[in-house]
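[1] below: sequence and its predicted model.
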Amino acid sequence: MTATSGVADTAPRTYAHEIHAHDLTVRVSRDRLAVDGLTLSLGVGTHGLLGPNGAGKTTLIRTLATVLRPTGGDLELFGHSVRDSGRHRELRRRIGYLPQEFGYYKRFTVREFVGYLAWLKEMPDRDIPGAVQRAVERVGLAERADDRMKSLSGGMVRRVGIAQAIVNDPAVLLLDEPTVGLDPAQRLQFRSLLKELGRESCVVVSTHLVEDVAAACTDVVLFDRGRLLFQGTPDDLAAAGTSDQPGDSPLERGYSALLSDSAQGKGSW
Ligand SMILES: Nc1ncnc2c1ncn2[C@@H]1O[C@H](COP(=O)(O)OP(=O)(O)OP(=O)(O)O)[C@@H](O)[C@H]1O
């Protein structure tokens, strides 16, 4: 393993947004476009990606993580098109990604596992132990750092997932339903971590929990059937609601109002 700090890590910033999608489409099967003509720019901040089941959130996050290729249109990360696959390694060094389905090695300790992911992200050897310690502390697992993964609860495994996503201090952090399995106290701590991370990086967090968005996000992206329905602040989303819409909070009523024009939002689930 060698230190692989690239020119891009120190180069002056030449892009307006960390993420810019233009008319992006992603086909997932012969008859299904899970992302369908998306134009969207996301910069520094915490962006909550909301939408009903099957809206295309996971597909979009996988595409942003360069796991899936765009079918049409374009996607730029840090000003570079992901169509240039020669740049993927360089782009991935600046991305943190927690997939919805998170795989891990049961016999590794937390420290070994997060360190292994740091190594895969081509972090310099000398930086790894300190970065692992910081990431594990940020998710509240310092006391379990030398325990094997197989001894952790589901919520703790999720927190290790968050630790591996942030270990390289990514400029773009992609989290697919990170709060699933977290207990209420951990969820509160995680929300403050999200806010903190969003001050310096571009954080995209997919969630079904409108409260997560209210508490932690500066920006809401509402997605349905592969299309962008709304982008604005949580206050803008709340303002879209009316008292006759279903929901227990202004944000939930705003969410319902914006989805009510779509067939999927109409009383089905
Ligand atoms: N590999 C695939 N093959 C066929 N269809 C797929 C595939 N992956 C996703 N889809 C379909 O694409 C659509 C979007 O799926 P996706 O998982 O991106 O949605 P989502 O918004 O993340 O949903 P959820 O909230 O349920 O996780 C769904 O209709 C899904 O069935």
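    The structure has been received and is ready for your questions.
[2] how about Cys185, secondary structure?
    One thing to correct before we go on: residue 185 is Ala, not Cys. helix (DSSP: H, G, I helix; E, B strand; the rest coil).
[3] buried stuff in stretch 210-219?
    Under the neighbour-count criterion of 16 or more other Cβ atoms under 10 Å, stretch 210-219 has Val210, Asp212, Val213, Ala214, Ala215, Ala216, Cys217, Thr218, Asp219 buried. Glycine gets a C-beta too; all of them are placed from N, C-alpha and C.
[4] CA-only coordinates of whatever helix or strand the fourth one lives in in CSV, if you can.
    It refers to Ala214. Using DSSP states H and E, Ala214 sits in helix 210-216. The C-alpha trace of helix 210-216 is given here as CSV (Å, rounded to 0.1, in the frame of the first residue of the first chain):
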residue,chain,number,x,y,z
VAL,A,210,-39.2,13.2,7.9
GLU,A,211,-38.1,14.0,11.4
ASP,A,212,-34.5,13.3,10.5
VAL,A,213,-34.8,15.8,7.7
ALA,A,214,-36.3,18.4,10.0
ALA,A,215,-33.6,18.0,12.6
ALA,A,216,-30.5,17.6,10.5
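[5] shift numbering so it begins at 6
    New numbering, starting at 6: the last item is helix 215-221.
[6] that older thread, just the closest of the buried residues of stretch 215-224 to Arg32, please.
    The shortest gap between Arg32 and any of the buried residues of stretch 215-224 belongs to Asp224, at 27.1 Å (Cβ to Cβ).
[7] does that closest one touch Leu54 like I think?
    No: using Cβ atoms under 8 Å as the test, Asp224 is too far from Leu54 to be in contact (9.8 Å).
[8] run through the residues that contact Arg258.
    Ala243, Gly246, Thr247, Ser248, Gln250, Pro251, Gly252 (Cβ atoms under 8 Å, 6 or more residues apart in numbering).
[9] got the residues of this structure near the ligand?
    Proximity of the chain to the ligand, by Cβ under 6 Å from any ligand atom, involves residues Val33, Ser34, Arg37, Ala39, Gly56, Asn58, Gly59, Ala60, Gly61, Lys62, Thr63, Thr64.
[10] make it 8 Å
    33-34, 37, 39-40, 56-67, 105, 181-182, 211, 213, 228, 231 (Cβ under 8 Å from any ligand atom).
[11] for PyMOL, what selects the buried ones among the residues you listed?
    Applying 16+ other Cβ under 10 Å to the residues of the chain next to the ligand, the buried members can be selected in PyMOL as follows:
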select buried, resi 33+39+40+56+57+60+61+62+63+64+65+66+67+181+182+211+228+231
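[12] so which of the residues of the chain next to the ligand are in strands?
    Taking DSSP state E as the definition of strands, the residues of the chain next to the ligand contribute Val33, Ser34, Arg37, Ala39, Val40, Asp181, Ser211, Phe228.
[13] gap between the second one and Tyr102?
    Using Cβ to Cβ, to the nearest Å, Ser34 is found at 23 Å from Tyr102.
[14] for the residue lying closest to His213 once chain neighbours are set aside, phi and psi?
    Nearest residue to His213, sequence neighbours excluded (Cβ to Cβ, 6 or more residues apart in numbering): Glu182, at 7.1 Å. Main-chain dihedrals, Glu182, degrees, to the nearest 10: phi 50, psi 60.
[15] tell me the contacts of the spatially closest residue to Thr19 that is not a sequence neighbour?
    Leaving out its chain neighbours, the residue that sits closest to Thr19 by Cβ to Cβ, 6+ apart is Gly84, at 5.5 Å. Going by Cβ under 8 Å, 6+ apart, Gly84 touches Thr19, Tyr20, His25.
[16] who's in contact with the helix or strand where the last one lies?
    Per DSSP H and E, His25 falls inside strand 24-34. Applying Cβ under 8 Å, 6+ apart, the contact partners of strand 24-34 are 38-48, 61, 64-65, 68-69, 73-82, 84, 177, 207, 209, 231.
[17] equivalent analysis for stretch 243-251, please.
    In contact with stretch 243-251 (Cβ under 8 Å, 6+ apart) are residues 235, 252, 254-263, 265.
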